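*Asks:* everything below, folded, please.
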Amino acid sequence: MLEELRQTGYSPWKIAYMRLNQRLNFSYCERIIPVSEGLKNLICANYPVKAAKVIPVANGTNPQVFRPMPKSEALAQTRLPDAPTVGFIGSCYHYHGVQYLIQAAPLILEKMPEVRFVIAGDGAQLEEWKALCREVKVAKAFHFTGKVPFNLAPYYINSFDICVSPWDIEFFGKISGSPMKLFDYFACGKAVISSAIEAVRVVIATYECAKIIDVHDPQKFTEALITLLQNDKRRTELGQRARTVVLENFTWEITSRKIEKVLGGIT
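*Replies:* Numbers count the residues shown, from 1 in each chain. Modelled structure (predicted):
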C-alpha cells in the first residue's frame, strides 16, 4: 500500500501519481482481492468502491519448499553457529521491528549468554540496526547475513530455534497486511513469537499456533523468548501445530482456489 511506500522514502509526487492510478483501477475493476480484512477496510475508506466487490484472500506459502528439516541439515547450508538461535528473515525496514529484538537482547543474554541472533535480509535499516547492536553492546551475539537467495530461505528458517516477527504495530495498523514470512515460518514447523498486528493476531488467536506479545516491552519480549528457548517440548508442539495450520489453510494452492472462486462470481 501507499503508506508502506511513504515509509520507505518514495517522493510525494510519485505517491500521488500511484494513488491516482489506484483510484482509476479500483473504479473500473470488477473485483478487488486484498490480502486481509484490514486492507479491505482501508480501500473502502479511501476509494470510491463498493464493499461487496472487495473480497479478502490471505497470503500463503509453498509447504514443499518451506518444510521442516533437521537443524544440522540447515546449518550445513547456512554455516551459522550451532547455538540456541533466535532468527528473523525479511527486508530490513523499520516497520519489521527488529530494533525491538535488539533492545531486548541485553536482557536475554544476561540469562542465556549462549543465545545467538540472526537477521537474514537487506534493506534501508540494516546499517542502523548494526549500529544499535553496537550501542547496546550486543554486536557479538548478532549475525547479519545481508540479502539471502530465495532457495536458501528455508535453510535459514530451519537454522533458527525460534522465529520472530516483531512488527511495528503503529505502522502495520495502517496497512493491515498478511505477511508471507509468518506462513513460511509456520510451514517450516517453527515456534514463532510475533507482535499483535491485526491480520496476524486473528490467525494466531484462531489457531493457537504461535505466541503474541508486546514487543515494545523488552522485559516481556525477553521472558517469552527465554521461556521458549528453555522448553524444547513447547517449541515442538507450537511448530507442529503451525505446520498443520498451513497445510489445512494457507498453501498457495488453497489461496489460488479461493481466488478462482472469487473470479468465478463475476457475471
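*Asks:* doesn't Tyr100 fall inside a helix?
*Replies:* Yes. Looking at Tyr100 with DSSP: H, G, I helix; E, B strand; the rest coil, it is inside a helix.
*Asks:* neighbours of it, how many?
*Replies:* Counted by other CB atoms under 10 Å, the residues lying close to Tyr100 total 20. (Glycine included, C-beta is placed from N, CA and C.)
*Asks:* low pLDDT regions in the stretch 1-150 of the chain?
*Replies:* Low-confidence segments of the stretch 1-150 of the chain, defined by pLDDT under 70, span residues 1-9.
*Asks:* for it, just list every one of the strands.
*Replies:* Using DSSP state E, counting those that start in this stretch, the strands of the stretch 1-150 of the chain run over 85-89, 116-120, 142-146.
*Asks:* minimum distance to Asn249: which of these has it?
*Replies:* With CB to CB, the closest approach to Asn249 among the strands of the stretch 1-150 of the chain belongs to strand 85-89: 21.5 Å.
*Asks:* which neighbouring elements make contact with the closest one?
*Replies:* helix 98-111, strand 116-120, helix 153-159, strand 162-165 (3 or more CB pairs under 8 Å, 6 or more residues apart in numbering; DSSP states H and E).
*Asks:* pull the residues that contact it.
*Replies:* With contact meaning CB atoms under 8 Å, 6 or more residues apart in numbering, strand 85-89 is reached by 96, 98, 101, 108, 115-121, 148, 153, 156-157, 159-166, 181, 184, 225, 229.
*Asks:* just to revisit the earlier point, mean neighbour count, the helices and strands packed on strand 85-89: which tops it?
*Replies:* Of all the helices and strands packed on strand 85-89, strand 162-165 has the most neighbours on average by mean count of other CB atoms under 10 Å, namely a mean of 26.
*Asks:* report all helices and strands that it contacts.
*Replies:* strand 85-89, helix 180-187, strand 191-194, helix 218-229.
*Asks:* rerun at 6 Å
*Replies:* If you count contacts as 3 or more CB pairs under 6 Å, 6 or more residues apart in numbering; DSSP states H and E, strand 162-165 packs onto strand 85-89, strand 191-194.
*Asks:* just the mean pLDDT for that strand, thanks.
*Replies:* Averaging pLDDT along strand 162-165 yields 97.
*Asks:* report the distance from it to the chain centre.
*Replies:* Distance of strand 162-165 from its chain centroid, counting by CA atoms, centre = their mean, to the nearest Å, is 8 Å.
*Asks:* give the pairing partners of that strand; include direction for each.
*Replies:* Strand 162-165 has its sheet partners listed here by DSSP bridges as strand 85-89 (parallel), strand 191-194 (parallel).
*Asks:* now render these as JSON lines, adding distance to Glu73 and mean neighbour count.
*Replies:* Shown next, in JSON lines, are these (distance: least, CB to CB, whole Å; neighbours: other CB atoms under 10 Å):
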{"stretch": "strand 85-89", "distance to Glu73": "15", "mean neighbour count": "24"}
{"stretch": "strand 191-194", "distance to Glu73": "18", "mean neighbour count": "24"}
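*Asks:* looking at these, spot the one closest to Arg31.
*Replies:* Closest to Arg31 of these is strand 191-194 (CB to CB; 29.8 Å).
*Asks:* out of the helices and strands packed on strand 162-165, nearest to Ile204?
*Replies:* Proximity to Ile204 (CB to CB) singles out strand 191-194 among the helices and strands packed on strand 162-165, at 6.7 Å.
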